[in-house]
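Asker: Return a 3D structure for these sequence lines:
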Amino acid sequence: MSGIELAVIGGTGLYRLAALSDVQAAEGETPYGPPSGPVRIGRLAGRRVAFLARHGEGHSLPPHRVNYRANLWRLKELGVRRVLAVNTVGGITERYGPQVLGLPDQLIDYTHGRDASFWDGEGGEVLHVDFGDPYTPSLRAAVLAAAGRAGVAVVDGGCYGATQGPRLETRAEIARMRRDGCDLVGMTGMPEAGLARELGLDYACLAIVANWAAGCGDAGEITLEEVLANVEAASAGLPAVLEALLG
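Answerer: Have a look, this model is predicted:
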């Protein structure tokens, strides 16, 4: 299958892309097991777009159990070349408060025990990819320009800290991440970005800030209802950004 202009991977609170029309489901296994669910392929702005719910369409997969390798492999099998990952995150620094959209340009990986590479030594082949810029600069620039044309405010730049989850972080952990230079904290940024690079896919992250991280802003106890409400509000401009990106 080919002709897919863009794949969107949806995070917490984004389990379908309502703007897609003429949707068909592409199901199938991969050499790395099953992906999180079917890839929904439809049309947006006259272009073919694929959508995959990272946690499953019923949010059944916690971040450390997502089969990132199968997800990326399946998208590439379908002919995808560009991936826009939508990640629900917490804000650490002042410019990343709840309901903000951001396009990080750097990444720190705090995860552990995940299948983080296609090149794990089996078969005797090892690949060391260049990962100095973890998000494809050309795709980041295209998304930022599209947001501008669509009139959707997006914060340009910042560092995403990927933690293990599924629990949220302690105040001490967030303070450490701030010292490390992180602006955002999420649980699904890695190994997804690294795997996309290994497959030669253009990959960018559109981060939706759902809440302040522990000890930041006016952070109190975080409820799922507040998180989902903030994701819904921040996601309102996503269809316009995608249409401008595809136009």
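Asker: only C-alpha atoms for contact and neighbour calcs from this point on.
Answerer: Noted.
Asker: can you pull out the strands in this structure?
Answerer: Secondary structure of the chain by DSSP state E: the strands cover 4-10, 21-26, 39-44, 47-53, 82-91, 101-103, 106-109, 155-156, 159-162, 184-186, 202-212.
Asker: so where's this structure uncertain?
Answerer: Counting by pLDDT under 70, the chain shows low-confidence ranges at 1-2, 122-124, 219-220.
Asker: ok, back up a step: just put the strands of the chain in TSV and tack on mean neighbour count and distance to residue 75.
Answerer: TSV is the format used below for those (neighbours: other Cα atoms under 10 Å; distance: least, Cα to Cα, whole Å):
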stretch	mean neighbour count	distance to residue 75
strand 4-10	23	7
strand 21-26	14	10
strand 39-44	21	8
strand 47-53	24	8
strand 82-91	26	9
strand 101-103	25	22
strand 106-109	19	22
strand 155-156	14	26
strand 159-162	25	22
strand 184-186	28	22
strand 202-212	27	12
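Asker: Looking at these, which is nearest to residue 132?
Answerer: strand 106-109 (8.4 Å; Cα to Cα).
Asker: Could you list every helix and strand that the closest one packs against?
Answerer: strand 159-162 (3 or more Cα pairs under 8 Å, 6 or more residues apart in numbering; DSSP states H and E).
Asker: picking that back up, just send the strands of the chain back as a markdown table, with distance to residue 68 too.
Answerer: Formatted as a markdown table, the strands of the chain follow (distance: least, Cα to Cα, whole Å):
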| stretch | distance to residue 68 |
| --- | --- |
| strand 4-10 | 11 |
| strand 21-26 | 17 |
| strand 39-44 | 14 |
| strand 47-53 | 11 |
| strand 82-91 | 12 |
| strand 101-103 | 21 |
| strand 106-109 | 15 |
| strand 155-156 | 26 |
| strand 159-162 | 14 |
| strand 184-186 | 15 |
| strand 202-212 | 14 |
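Asker: Next up, the contacts around the closest residue to residue 135 other than its chain neighbours.
Answerer: The shortest distance from residue 135 to any non-neighbouring residue, by Cα to Cα, 6 or more residues apart in numbering, is to residue 204 (5.0 Å). By Cα atoms under 8 Å, 6 or more residues apart in numbering, the residues touching residue 204 are 83, 84, 85, 103, 135, 136, 139, 140.
Asker: Show me what the residue nearest to the spatial centre of the chain is bridged to.
Answerer: Nearest to the mean C-alpha position of the chain, by Cα atoms, centre = their mean, lies residue 85 at 3.0 Å. Beta-bridge pairing of residue 85 under DSSP bridges involves residue 9, residue 205.
Asker: got the contact list for it?
Answerer: 8, 9, 10, 11, 203, 204, 205, 206.
Asker: switch the cut-off to 10 Å
Answerer: Applying Cα atoms under 10 Å, 6 or more residues apart in numbering to residue 85 gives the contacts 7-11, 51-52, 54, 188-189, 192-193, 203-207.
Asker: Look through this structure and tell me its longest helix.
Answerer: In the chain, taking DSSP state H as the definition, the longest helix is helix 137-150.
Asker: Using PDB, write out every CA atom in that one.
Answerer: Output in PDB follows, covering the C-alpha atoms of helix 137-150 (Å, rounded to 0.1, in the frame of the first residue of the first chain):
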ATOM      1  CA  PRO A 137      14.100  19.200  11.300                       C
ATOM      2  CA  SER A 138      12.300  19.500   8.000                       C
ATOM      3  CA  LEU A 139       9.100  17.900   9.300                       C
ATOM      4  CA  ARG A 140       9.200  20.000  12.500                       C
ATOM      5  CA  ALA A 141       9.500  23.200  10.300                       C
ATOM      6  CA  ALA A 142       6.600  22.000   8.100                       C
ATOM      7  CA  VAL A 143       4.400  21.400  11.100                       C
ATOM      8  CA  LEU A 144       5.300  24.800  12.600                       C
ATOM      9  CA  ALA A 145       4.600  26.600   9.400                       C
ATOM     10  CA  ALA A 146       1.300  24.700   9.000                       C
ATOM     11  CA  ALA A 147       0.200  25.800  12.500                       C
ATOM     12  CA  GLY A 148       1.000  29.400  11.600                       C
ATOM     13  CA  ARG A 149      -1.100  29.200   8.400                       C
ATOM     14  CA  ALA A 150      -3.900  27.600  10.400                       C
END
